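Colleague: predicted model follows, preceded by the sequence.
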Amino acid sequence: MKRRVQRLLPVIDMAKNEEREAAGKLAHYQGALQQAQQQLDNLQQYRDDYQQQWIDKGQTGVSGQWLMNYQRFLSQLEVAVEQQHKSLAWHEHNLSQARTVWQQAYARVEGLRKLVQRYRDDAQKSADKQEQKMLDEMAQRLMAQQVKPD
């Protein structure tokens, strides 16, 4: 039983390394997603602020040139927001894939840990049986010695 556990140790180490690596990538993609979300939030806030300028300036009157520039820039902002939405979706996809890889690696490590524990439990049961057998034999010998007439 002990040999089986010893043979599994390198496999367990490799599985743990893979799980740690997958967890690191998962953390990286979570950070990238948060950063992409923050960029989207900033863009949307900037667009909203820019639109508020239109409301404020529109009350006092604007030139045709200002209006054309405003609309052109607002259009560019809308394109940037849409691109950031796509970027966010891409990051969400990467995160989802990284989570799946990590979950599989984690499940493998846990499966190997359970297998090793089962081997250890089996070895302990075997050792307990061996000890009980030895104690029973000793008890029988003692009883046999006590029963013998001198």
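Modeller: That came in fine, so what should we check first? Numbering: from 1, shown residues only.
Colleague: so where's this structure shaky on pLDDT?
Modeller: Applying pLDDT under 70 to the chain flags the ranges 1, 148-150.
Colleague: for this structure, which helix is longest?
Modeller: helix 64-147 (DSSP state H).
Colleague: residues touching residue 39, list them.
Modeller: 84, 87 (CB atoms under 8 Å, 6 or more residues apart in numbering). Glycine gets a C-beta too; all of them are placed from N, C-alpha and C.
Colleague: can you classify it by secondary structure?
Modeller: When classified by DSSP: H, G, I helix; E, B strand; the rest coil, residue 39 comes out as helix.
Colleague: measure it to residue 78 for me?
Modeller: Counting by CB to CB, to the nearest Å, the gap from residue 39 to residue 78 is 15 Å.
Colleague: over to residue 31?
Modeller: With CB to CB as the criterion, residue 31 and residue 78 are 27 Å apart.
Colleague: again, but for residue 70
Modeller: In terms of CB to CB, residue 70 sits 12 Å off from residue 78.
Colleague: compare these two and say which is more crowded by neighbours.
Modeller: For residue 70 versus residue 78, neighbours defined as other CB atoms under 10 Å are more numerous around residue 70 (17 against 12).
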